[in-house]
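S.K.: Attaching a predicted model along with its sequence, questions to come.
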4 protein chains.
Amino acid sequence: MPVRSRFEKEMDEIALALTSSMDSDENIFIYDILVDYAHVLMLAKRGIISEKSAASIFRALKKIMEDGFDSLSKSYEDVHEAIEAKITEIAGEDGMWLHTGRSRNDEVATCLRMYARDRILQVLFTLLDLRSTLLRLAKKHMNDIMPGFTHLQYAQPTKLSHHILAYHDMITRDFERFLNVFERTNLSPLGSSAFSGTSFNIDREMTARLLGFNGIVENSLDGVSSRDFLIECVFACSSLMLSLSRICEELILWASEFDFIELPDEFSSSSSIMPQKKNPDTAELIRAKAGTLIGLLTSAMSIYKAMPFAYNRDFQEMNSLLYSAFEIAILSSRAMSEMIERARFKTDVMEKKAGKSFSIATEITNILTEKGIPFRVSHKIVGELAKNEIFSPKAEDVLRVARKFGFDVELSDYELENVSNCRLAVEKRKSVGGTSSENIERMIKSRVEALERDEENLAKLKAEIDSAIEELWREVEAYEGKMG
Amino acid sequence: MPVRSRFEKEMDEIALALTSSMDSDENIFIYDILVDYAHVLMLAKRGIISEKSAASIFRALKKIMEDGFDSLSKSYEDVHEAIEAKITEIAGEDGMWLHTGRSRNDEVATCLRMYARDRILQVLFTLLDLRSTLLRLAKKHMNDIMPGFTHLQYAQPTKLSHHILAYHDMITRDFERFLNVFERTNLSPLGSSAFSGTSFNIDREMTARLLGFNGIVENSLDGVSSRDFLIECVFACSSLMLSLSRICEELILWASEFDFIELPDEFSSSSSIMPQKKNPDTAELIRAKAGTLIGLLTSAMSIYKAMPFAYNRDFQEMNSLLYSAFEIAILSSRAMSEMIERARFKTDVMEKKAGKSFSIATEITNILTEKGIPFRVSHKIVGELAKNEIFSPKAEDVLRVARKFGFDVELSDYELENVSNCRLAVEKRKSVGGTSSENIERMIKSRVEALERDEENLAKLKAEIDSAIEELWREVEAYEGKMG
Amino acid sequence: MPVRSRFEKEMDEIALALTSSMDSDENIFIYDILVDYAHVLMLAKRGIISEKSAASIFRALKKIMEDGFDSLSKSYEDVHEAIEAKITEIAGEDGMWLHTGRSRNDEVATCLRMYARDRILQVLFTLLDLRSTLLRLAKKHMNDIMPGFTHLQYAQPTKLSHHILAYHDMITRDFERFLNVFERTNLSPLGSSAFSGTSFNIDREMTARLLGFNGIVENSLDGVSSRDFLIECVFACSSLMLSLSRICEELILWASEFDFIELPDEFSSSSSIMPQKKNPDTAELIRAKAGTLIGLLTSAMSIYKAMPFAYNRDFQEMNSLLYSAFEIAILSSRAMSEMIERARFKTDVMEKKAGKSFSIATEITNILTEKGIPFRVSHKIVGELAKNEIFSPKAEDVLRVARKFGFDVELSDYELENVSNCRLAVEKRKSVGGTSSENIERMIKSRVEALERDEENLAKLKAEIDSAIEELWREVEAYEGKMG
Amino acid sequence: MPVRSRFEKEMDEIALALTSSMDSDENIFIYDILVDYAHVLMLAKRGIISEKSAASIFRALKKIMEDGFDSLSKSYEDVHEAIEAKITEIAGEDGMWLHTGRSRNDEVATCLRMYARDRILQVLFTLLDLRSTLLRLAKKHMNDIMPGFTHLQYAQPTKLSHHILAYHDMITRDFERFLNVFERTNLSPLGSSAFSGTSFNIDREMTARLLGFNGIVENSLDGVSSRDFLIECVFACSSLMLSLSRICEELILWASEFDFIELPDEFSSSSSIMPQKKNPDTAELIRAKAGTLIGLLTSAMSIYKAMPFAYNRDFQEMNSLLYSAFEIAILSSRAMSEMIERARFKTDVMEKKAGKSFSIATEITNILTEKGIPFRVSHKIVGELAKNEIFSPKAEDVLRVARKFGFDVELSDYELENVSNCRLAVEKRKSVGGTSSENIERMIKSRVEALERDEENLAKLKAEIDSAIEELWREVEAYEGKMG
């Protein structure tokens, strides 16, 4: 291992098992190769290394990329060392120019940011799907009535579409958070070298552009020492998983005694001994993985706390947290999108239960208030009915209690039935964002439009990176062509 | 307690001790009063309650505000209930109209968002101070040489200004994160009512505007059920504390054996038995509080995971996490700003140690590479010198080893001394963001400009909220005037 | 402030706000006084300070104890400094002998261990109550049938007593964990001084004995530098809260759509706008506080990670985590014990639902297996019935499917009804620890006996500490008597 | 997949990727096979299945064990299902009897407990090594002087042996914690079946004995629903890693500017561009992995919080946390033991720095106190010297300041030099557990004896399990023999 030149002894076997990152470096294999291409191209263009050396390295990189990560020896500290060693094996002395003007510190930081930026885009595309699914469901169940809960107790009748739109808006904020993080992530630290820059005449803007970055992390010490972008990524994943866990919790409850949903077979398991069982395993595991993510974030932050500048090997331990976070977030969002799309909402059961447990009490309170009884008194009147278990009161019941509280108003059974009808009750809530049909329609419409805008913007972000990488390939090929 | 009308028995004493939030609600006392003002003003303008009732409530609120939080009875579930009870005590039946068209669910969510938004602004102003302090220090130490470390080992000579600029850029990203969070936080959920909106003809946009919000959380279920804004706030605080903990770690080390700094007496403690001790207690406690913040975030996320919609009492437990997070973040940032400003950097010691432990090895490697020896070979040559403990090599030493590796180049002692001079070495790193003077000057200049822009923007954000609240007061007063 | 003798300037106000522990030190106020008593008594007995000085200090301590924590000035770094200052204020020069042969480092460690040990005992007594309550409930509901769930899906009929016994056993392990922690906690670090012991001729065993410790933390560096006992305490509290959170989750579900329980009014809240609501707030907040505890533990561990020896001020930040952890654990356990005791289990509803959702499928599978059909085939046969929604199969239905799978057995409707009867089904599970009556009775009996043993042991532990403290008071009084 | 008999459709591919545990089940492969052996042996002995079926299953198990985990298809939900399918593939209808009287719920709980118990023993053996290494080092450096630090500031001179003994005692408490956890872990849940026991006439005590368990988890619901043993294991690992992180932090500091240690080459890395670098990578990664463990524990607790009984698929997500925790703890402890054994303590540097920064101030304070000046006054006197930077005071300097404070004592330069001599100072600290030679010798002696006792006990624990498993093999072979 070339970089150990100052030591007498090789790395101890246990120490290597503990310190090597080769078991998770496959995640950044392709990015390291891209970084090598861009760096070498820049070195050659700047005349820091010869065109011949550059061409040799390009050939070696091509071979390594084709052979794939598994062909690398696992006895190295990391993929960067492994690839450099392999290049030298293939390209001989030419390969020994590769590492000019850079360090593993800026190299790995660059790879991690490319990895993260690409995964952010992947999450964002997945979330577009999920948002689209949720909007379709909201549309489909536009007018379906269901019971609403607070504290898991029957509270007020509501609409399934309104409920699903709340899922949508929650997920959309996760979408926005990833967009925020993208901006701070897609910046190039390449050329920071060990931490203080380099005396070689490198061009950081060029490598940044070739790798599709939106700019550079300017201060070279900051470039290699900062992992707040990584922590932010893990946080955004955690936050998304919390959102998904809340939906899963409801799916699990609704597939249980509430009986509001039938989950698709393809996302359920049975029991090894209880043959009748249909278990919501996918939802349970997404919920559990939200817990995993909380821990991944905790790990990352605990490791990072009080880390002195510049690079410390501790940072390496954070990398696989990033990989796991994205893997879980992407897989879970996809599964959620598929699972909820194929689930069957039992709207008949929902409607039947919408008025359960005196859930129209608030409407009765409100009509009394409209008739001139102060709200807090109306609330007491209806509370008294509840205490006496008069859950389907007649007008006379209400008026009797009202009189007890010193209020004499008029109320007909017809009026009372009117507010007690769940379908009518939900329509009466015309306050902006409430359950009335106008509200629901307006919310769906504006969200569909926002989704379309986000789809366009995201496609553009993706295209910018893709075309940068294509340009890199073109330049490399042109270069190889020139060299014959 | 008015809201318990349906129960036979009062709350159990242990249960109340466990469930009441009165011990931390002082944090949102003033916000609850503002919310009451805005809500009642809107109710009166919409004709939902009488102008007389509104005026009575305003008078009661004024009294409560003047008496302060401590005058409220602590035997309530929360400050919302306590204030409503007090209003009714003062205003009689008029006060019983207060809660028309809203719920504690949207009320507390609104208070929390106002609290959070104001604390975000406070953090942002504090961070402007800290950034400004750091830029002043960078300017002051523009040309001071110091050793740079990786793995806490002497790595390469660098500049104190370059190091401090890395602090600055790290803190500036924290600043940006808080700005992102501000946008998602400063939205009004008021009028969401229990979760499904209300049949009263309320005006959500009006209350939002009066309270200085930038818009509303539209979907009413989302409005009362979402606490991702709270978690984001705690995360932004945690992330900031991690940044501060890194600076503190360095201050602690530098005030120890490294001997790079003398911390101000006012931020140090001594020992109860060792009279000579000067301990960096403030830095230690900021570092420790970063750990506290990691836990606050963990608590918030663990509580929030798998919470079904809409409101659950679990949410209440998250509130004091928010308060603690902001309190710690604000206090720590202020202390950091003061402490680092008044610290004395021992630039003489730094410079003396800059070349320690063969830290110019990289420069020798680079000059050999410039002379045509492939980088990886140059690295081995210098590694061999290190292994043989030749830490101040003469040209002949270098050339002898180079020849051993098959490379015969020219190198004079003069050239070698030239690269071995720390002052010259740092100037050679002209790659963008490196340690050369042009780099440092450009970085300081552009950051000072960015700071000024941020100061203006922040002042504007603040002014918008302030003028909204002033408008609220004006409207209330005009209203009171009208009522005589 | 006496200990700052080497400084020119007083502590900065922000720094003091950040670093003073006075806002939470009330928790160890009484312990610090006890430590002072024991330390001074020992110093006098050893002739290190004069009897007169000791007597003066005793008088001052008595006064301070009577005046209480609130009478101390809050402008000190901590309660230790505040008390010493107050003693000197009262006792003059005699008070200046107090700190001989010790340090705040061993002093605070001793106070924390006394605090923790007393709180552990408090938790243990509370858990005895809870275990006792659960055993009473198990006895009361010995034969009540209920549905059992896995994945929150109807699984098999079971018994309420069996379910409650599982709660009991889970809580009993928490009890054991606290006992384990007690042993490592109740050891005295007093006399470790700053970290290396002292040249004064002190007697560490004597102060340990006087303060009711079970021995000493021998190595003096270990004595002041270790907080694993604190972390263990927080873990034991977290672990207990997780157990309670699981019970709470079930209470919340059971009080919801499952309808298995009516929670006591005294542990429930209502809604500010929905007068019919009865919300399980106490259970929700205990559940939430389990999340808080996870975070407290995370904070403690994050702070403690990588702390160099000996004392660092970071340790102070861990103290209030300990206080919060115990306060929450004790309050929550008490509330749980009361709440579950007064809850009404709706055993009629439970029994009615016990056989829901084909939950006797496993029993049918088992009888087929007993008749010679391999278990996995029997499972498939019944799975086929489930797929075809034959949830109350006749013998003929079962036999037809069995034949399809190539098995021809005999099965009468009588036999089938027999295993399908929930009451009979639960009795058939005679495997040790299963739901049969013999199992339930044996489990209750042995647990009641274990409870009695634990009650005795705990009383003994408590008595040992109490009598040590009484002895301390006696010695102090005797001493004061002697001095006149 | 046999257990899905009730479904129309196969598991969705994404759902399987999300829910299958096959990627980590290799950890319990061998335990699942042992469980199968013991379970089938018991079934046959009890006459629940035929001897022929048992023999067939034994043959299949042997084949599966020989082929290894990798030969199993990865398309199953878990290793239990995969092995059962494979057995049926090999043994035909006989294999279909395997799952009689049990469930995957008790099966996986049993496997996890066997895995955990074996890993606990592995950790314990590793910690015996580490303790032994530390005691050897303490002995070797019995009389080596070093500076002691608090707040990372020079505090008092101490001894290296005393410091290393503090490491030892800290690690020994971790050892004890694992022993506590072992007792609650090594209990068999096998036979709990789904959660309510079984109607088959199984013998839980027999399988427990055959698998080397120390007893059973009696209540069957508790048996399958409890994962507190798992969380305890992860906590014990975390706690150990915190201890190791503290040692690592010191090694990193000591190998840095403090210059107290030379770490072995085999546990160090160099830099890819700075050829002189010798970085403490192993220590850094152990420190970082302590952060990882904090997160693993957080994940486990967050997942487990509020889990209703009985089994939920969420539990599965906790398994790999357990595997990672043990893997890291074992590897890190081993590395620590090797690394510290081979490190070179630079005792000359330590001794030279022992008296730095006026670190004998406390000794001067103490001698003044012994001469009759109250301690707090003595402290002020020496504090005044420190403030005036008189760090090597003559007797006259001290006396002058003492007089200023109103105290006139006698003090010769000889006396002063005597206490200022670091070697003499450390010997004066004869308080139990202090730095004097008697203390050190006694501590080493008693710890060596305790180590020997622990070695014996641990060997016994191990032997009990080993002989149980051997007995299982013997019974199986005898059985196969009988069957021909």
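M.R.: Received it, and whenever you're ready, just let me know what you need.

S.K.: where's residue A:124 relative to residue A:268, distance?
M.R.: Relative to residue A:268, residue A:124 is positioned 29 Å away (CB to CB, to the nearest Å). Where you see a C-beta, it was placed from the backbone N, CA and C, and this is true even at glycine.

S.K.: Neighbour count for the two, which is higher?
M.R.: Neighbours were counted for residue A:124 and for residue A:268 using other CB atoms under 10 Å in any protein chain shown; residue A:268 has more, 27 against 22.

S.K.: What does the pLDDT read for the residue lying closest to the more buried one once chain neighbours are set aside?
M.R.: Leaving aside its chain neighbours, residue A:268 sits nearest to residue A:278 (5.1 Å; criterion: CB to CB, 6 or more residues apart in numbering or on different chains). What the model reports for residue A:278 is a pLDDT of 91.

S.K.: Which phi and psi values does residue A:278 adopt?
M.R.: Main-chain torsions, residue A:278, degrees, to the nearest 10: phi -130, psi 110.

S.K.: Can you give me the neighbour number for it?
M.R.: Neighbour count of residue A:278, defined by other CB under 10 Å: 20.

S.K.: my read is residue A:158 is in a helix, agree?
M.R.: No: with DSSP: H, G, I helix; E, B strand; the rest coil as the criterion, residue A:158 is located in strand rather than a helix.

S.K.: surely it meets residue A:439?
M.R.: No: look at residue A:158 against residue A:439 with CB atoms under 8 Å: they stay out of range, at 11.5 Å.

S.K.: Which one's more surrounded, the two?
M.R.: Applying other CB under 10 Å to residue A:158 and residue A:439 shows that residue A:158 carries more neighbours, namely 31 against 25.

S.K.: Distance check, the more buried one against residue B:305.
M.R.: As judged by CB to CB, residue A:158 and residue B:305 stand 24 Å apart.

S.K.: And whichever residue of the stretch 1-150 of chain A sits closest to chain C, how close does it get to residue B:104?
M.R.: As assessed by CB to the nearest CB, chain C sits closest to residue A:150 within the stretch 1-150 of chain A, at 7.0 Å. For residue A:150, the distance to residue B:104 (CB to CB) stands at 10 Å.

S.K.: next one: residue A:173
M.R.: Noted for residue A:173: a distance of 23 Å to residue B:104, by CB to CB.

S.K.: ok, the two, which is more surrounded?
M.R.: Neighbours were counted for residue A:173 and for residue B:104 using other CB under 10 Å; residue B:104 has more, 23 against 19.

S.K.: Give me the neighbour count for the residue nearest to the more buried one when sequence neighbours are not counted.
M.R.: Spatial nearest neighbour of residue B:104, chain neighbours left out: residue C:272 (4.3 Å); criterion: CB to CB, 6+ apart. A count of nearby residues for residue C:272, using other CB under 10 Å, gives 24.

S.K.: Could you do residue A:84 as well?
M.R.: Neighbours around residue A:84, by other CB under 10 Å: 25.

S.K.: cool, and the one 10 residues further on?
M.R.: Other residues near residue A:94 come to 23 when the count uses other CB under 10 Å.
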